[in-house]
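[1] Sequence and predicted structure, then a few things I'm wondering about:
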Amino acid sequence: MEEEVSYESIKELFTEYLKKHNHRKTSERYAILEQIYSCEGHFNADALFNTMRAEYRVSRATVYNTLDLLQECKLIIKHQLGGQFAQYEKTFGSSTHHHLICTNCGNVKEFSDEQLRMSIQKRKFPRFHTSHYSLYIYGLCHKCKVALRNL
């Protein structure tokens, strides 16, 4: 669900945000940003930390603090999918999509539906201005449904 986007333009947005809010521009922060934007799909903070730790001297606190900064500047979004740990995904260059979440195994599948997206975007609410939305649909994935049926 990606639109073509250059890492340099993302890095530039992050740099401007850091400057504007008087945050340090560290190599660790940029390495975390690059790792996030080089991967596909959702990720959690611990998995990101373990990946980063293998190549960089980066602390768990640096990973979490950088995730907070990236959320603030709208380069990633945080999802609380079911009862799982928070998951994140990149937002810059991503097209609008929705999530199917298996309540048994926790698997997340993204899907797009243009008709659904347009319907939601056209929907007006009295005395409320919509800026964005998220849609999560919970149920059983095919694999879990088959496995539960065979119990």
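    Thanks, I have the structure now.

[2] Backbone dihedrals for the residue nearest in space to the middle of the chain, please?
    The C-alpha lying nearest the average C-alpha coordinate of the chain belongs to E89 (C-alpha atoms, centre = their mean; 1.5 Å). The phi and psi values for E89, taken as degrees, to the nearest 10, are phi -150, psi 150.

[3] now swap in N50 and tell me
    phi -60, psi -40.

[4] Make residue 1 into 46 and carry on from there
    Taking 46 as the first residue, the last one we looked at is N95.

[5] What count of nearby residues applies to Q160?
    7 (other C-beta atoms under 10 Å). From N, CA and C alone the C-beta is placed, and that goes for glycine too.

[6] what does I55 give?
    Counted with other C-beta under 10 Å, I55 comes out at 19.

[7] so who does it touch?
    I55 is in contact with L78, Y82, L120, F137, G138, counting by C-beta atoms under 8 Å, 6 or more residues apart in numbering.

[8] lowest-pLDDT helix or strand in the protein?
    strand 153-156 (a mean of 84; mean pLDDT, DSSP states H and E).

[9] And the next helix or strand past that strand?
    Sequence-wise, the next helix or strand downstream of strand 153-156 (DSSP states H and E) is helix 159-167.
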